[in-house]
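1. mind folding the following:
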Amino acid sequence: VEVQHHSSNTLSPSSAKSAVAVSVAGSGSGSGSHRPMAEVFVGALADVSWQTSGNVAHVTLKLYRHSAYGTGGPITYVRCIARSVANTGSFVWAVPSDARPGFYRIVVEDSGDRNRCSQSNTFHCREPPT
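-> Reported below is the predicted structural model:
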């Protein structure tokens, strides 16, 4: 499964199981418009969308942060965004007001089988423009 302009990297591939592909869009400077995710703002809303194949009733969304040195190196688990929500293919994420600026990825996994998952492309979280 592919999502336009976004990676469909499977963290734990299994050809016999369903796949998940992830896409994210952030809000533009108060305009209400959405654009492909390059950045999101602390305290704003972001649209997370995904596609699945097979029977996936519920998904869990998790946030991971890249090392302090940009997008290279390991990523570290930060928090669960949503646990076992109905698989509608989308979720409106309220970026926490305490989120640290930096580079992140969102992982969407099948709540019934964590091995069926995928991650978004890296995106930048920063303070909103003034």
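
2. please name the bridge partners of the closest residue to residue 81 other than its chain neighbours.
-> Nearest residue to residue 81, sequence neighbours excluded (C-beta to C-beta, 6 or more residues apart in numbering): residue 61, at 4.0 Å. C-beta: built from backbone N, CA, C; applies to glycine. Beta-bridge partners for residue 61, by DSSP bridges, are residue 82, residue 108.

3. continuing past the helix or strand of the chain with the lowest mean pLDDT, what's the next helix or strand?
-> When each helix and strand of the chain is scored by mean pLDDT, DSSP states H and E, strand 34-36 comes last, with a mean of 40. Once the chain leaves strand 34-36, the next helix or strand it forms, by DSSP states H and E, is strand 39-41.

4. this structure: strands as residue ranges?
-> 20-27, 34-36, 39-41, 45-52, 58-66, 75-86, 90-94, 102-110, 113-119, 123-126 (DSSP state E).

5. who's in contact with the residue lying closest to residue 79 once chain neighbours are set aside?
-> Once flanking residues are discounted, residue 79 sits nearest to residue 63: 5.4 Å by C-beta to C-beta, 6+ apart. Contact analysis of residue 63 by C-beta atoms under 8 Å, 6 or more residues apart in numbering lists 77-81, 104-107.

6. need the mean per-residue confidence for stretch 118-125.
-> When pLDDT is averaged over stretch 118-125, the result is 86.

7. also stretch 84-95?
-> 92.

8. which residues touch it?
-> Here stretch 84-95 has contacts from 24, 40-52, 56-61, 81-82, 106, 111, 125, using C-beta under 8 Å, 6+ apart.

9. from those, list the buried ones, please.
-> 24, 40-41, 44, 46-52, 56, 59-61, 81-82, 106, 111, 125 (16 or more other C-beta atoms under 10 Å).

10. just the pLDDT for the nearest residue to residue 116 once chain neighbours are set aside.
-> Distance criterion C-beta to C-beta, 6+ apart; nearest residue to residue 116, sequence neighbours excluded, is residue 110 at 3.9 Å. In this model, residue 110 is scored at 92, pLDDT.
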